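**Student:** sharing a sequence plus its predicted fold:
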Amino acid sequence: MAAELLRVDGLDVRLGDRDILRSVSFAIPPSSLLAILGPNGSGKSTLLRTLLGLVMPRRGTMILDGLPIGQAPAGAVGYVPQIKSLDRAFPARAIELVASAYLGRWPGVLRPPEREEAMEALARVGAAHLADRSIGVLSGGELQRIYLARSIARRPRLILLDEPETGVDAAGSADLHALLDGCRGENGSAVVLVTHDWEAAMYHATHVLLLRNSMVSFGDASHAFTEEAVRSAFGHTGHAHGRFAPHRHGHD
Amino acid sequence: MIELLTFPFMQRALAGGLLVGAMASYFGVFVVQRRMSFLGAGLSHAAFGGIALGLLLSLEPLVVAVPFTLGVAMAINWVRRHTRLAGDTAVGVFFAVAVALGLVFLSLRRQMSTDAFAYLFGSILAVSPADLVIATAMGAVTLATTPRLWGRWAYASFDAESARADRLPVDRDDTLLFALLAVTIVISVKVVGIVLMAAFLVIPAATARLLVPTFVTMTRVAVAIGMLTAVAGLLVSYLADVPSGATIVLVQAVVFLAAALVDGRRR
């Protein structure tokens, strides 16, 4: 197993006339969880979108498992978008959402082997009972679980999550982290999540990247999450007074 | 009633109605789920500009209207993708320009434009053998592309970003969807008329959405409703001697209302 699963080197991203990311470099090993934190407009979501191939960088490299991330096999990168931004009015059942991930298109009538594969992914996140529910009636936490099933259906090396705490209650968020911890342990997948939830980041993350368009700090959670780094990223310690010192809490 | 079917104009109208009813409803499900109803109105009015130009040049109107409307669809798609304007703003601009051009072309023609009314409101008598050939060809193209494109368009309709992340060529697929939608709208205009074309696209899909829980069944039910209401509307329009477009849309509205009541009771 490679010591590094994901390496990002000298990443510059410009959108319009604004430099969104400047010289971002970091590397994480298999089974790690990287939390990306920073104020609004700091480039967190852009970094995620660049890793997904939705934004083209001006400069820099992104290597996943020894290959440029754009050449990684289909399914090597799983993605859980922000639940609140999804179109709940779309006529879809949970199982179709999962099947679309490995079919690479929206499913028509699911054939038995397609259904079986999707059910297996749903069972892995404890959501088999939701398979035939319409996505319009699922709670935020349930939908997030479906998306996680979708993202792990192809056994990805890297799972990306965009603000997983948004639109999901605390219990749902704790469930999600338990499932992510399972994926990391089982498959050696690394998880990268953009978050505003400092507590969850401190509790679950093995690595933290503080971002303010350029990197403020990066390292394992206990070293990157210093008061100085937080002040530099946010200008103040904001709502996290007293939380920058690494400590474990009863999150779940 | 049976003898009606022996009239060649009626046979053409029914065949045309079935074809455009199926195609418009098929593309209509994407229009509805992508919230692009205004695009349907915009492209049918763009067709008016092309038809008027065809009449002015004394050419077969559809021969001019198809490339004209295709051009407008591509221009709307370009503005939507490459400027900071929203898609509906782009539609609003091109819609007005095409109608203005159409009015100028018709006035330059300096003769009564009674045939233009058939295009505005639809006419059962208007479907020519040439129209049927074009509609059949378009139907064949739609059928041929369905296995490959339906699932990709549906995926991008649900979440374009995830589809892009899964490396689907979303922009190229959208361009093709716009193009096929534009051609479908132009060839439907003879039966439905420009004024009601947007409703013809949207109502069967909206009705199906009320009745079924999945996108694949929504597509099938919408196509069935589109075909049945087109035929029923054409027959009623002949018997009552009223414009075919209005009659078809009213029949669709009755079905929609029934579906809304069924959906309301289920909740």
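**Tutor:** Sure, I can see it.
**Student:** could you list the low-confidence segments of the chain?
**Tutor:** Assuming you mean chain A. Chain A contains residues with pLDDT under 70 at A:1-2, A:224, A:236-252.
**Student:** if you could check chain B rather than the one you did, that'd help
**Tutor:** B:1, B:112-114.
**Student:** residue numbers of it in contact with chain A?
**Tutor:** B:33, B:150-152, B:154-155, B:157-159, B:161-162, B:164-168, B:209, B:212-218 (CB under 8 Å from any CB of the partner chain). From N, CA and C alone the C-beta is placed, and that goes for glycine too.
**Student:** ChimeraX command to pick out the buried ones of those?
**Tutor:** This is the ChimeraX syntax for the buried subset of the residues of chain B next to chain A, where burial follows 16 or more other CB atoms under 10 Å in any protein chain shown:
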select /B:33,150,151,152,154,155,157,158,159,161,162,164,165,166,168,209,212,213,214,215,216,218
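**Student:** take the residues of chain B next to chain A and keep only those in strands.
**Tutor:** The strands, defined by DSSP state E, take in nothing from the residues of chain B next to chain A.
**Student:** the residues of chain B next to chain A in helices, which ones?
**Tutor:** B:33, B:150-152, B:154-155, B:157-158, B:161-162, B:164-165, B:209, B:215-218 (DSSP state H).
**Student:** what separates the residue nearest the centre of chain B from B:F94, distance-wise?
**Tutor:** By CA atoms, centre = their mean, chain B has its centre lying nearest to B:I185, at 3.4 Å. Note on B:I185: its distance to B:F94, by CB to CB, to the nearest Å, is 13 Å.
**Student:** try B:G151
**Tutor:** Distance, B:G151 to B:F94, by CB to CB: 30 Å.
**Student:** please apply the same query to A:L15.
**Tutor:** Counting by CB to CB, the gap from A:L15 to B:F94 is 27 Å.
**Student:** quick one, which of those two is more surrounded?
**Tutor:** The residue with more neighbours, out of A:L15 and B:F94, is B:F94; 21 against 12, by other CB atoms under 10 Å in any protein chain shown.
**Student:** my guess is the more buried one contacts B:I76. True?
**Tutor:** Yes - using CB atoms under 8 Å, B:F94 is in contact with B:I76, at 5.4 Å.
**Student:** quick one: which helix or strand includes B:T247?
**Tutor:** helix B:244-266 (DSSP states H and E).
**Student:** next one: B:A47
**Tutor:** Judged by DSSP H and E, B:A47 forms part of helix B:37-56.
**Student:** now for that helix, which elements pack on it?
**Tutor:** helix B:8-33, helix B:61-82, helix B:87-108, helix B:114-121, helix B:170-192, helix B:197-211 (3 or more CB pairs under 8 Å, 6 or more residues apart in numbering or on different chains; DSSP states H and E).
**Student:** still on that earlier bit, isn't the residue nearest to the centre of chain B right up against B:G50?
**Tutor:** No - applying CB under 8 Å, one finds B:I185 not in contact with B:G50, separated by 10.7 Å.
**Student:** anything in contact with each of these two?
**Tutor:** Residues touching both B:I185 and B:G50 (CB atoms under 8 Å, 6 or more residues apart in numbering or on different chains): B:T69.
**Student:** what's the overlap in contacts for B:F94 and B:I76?
**Tutor:** Common neighbours of B:F94 and B:I76, using CB under 8 Å, 6+ apart, are B:G42.
**Student:** B:G92: neighbour count?
**Tutor:** Residues lying near B:G92 (other CB under 10 Å) number 16.
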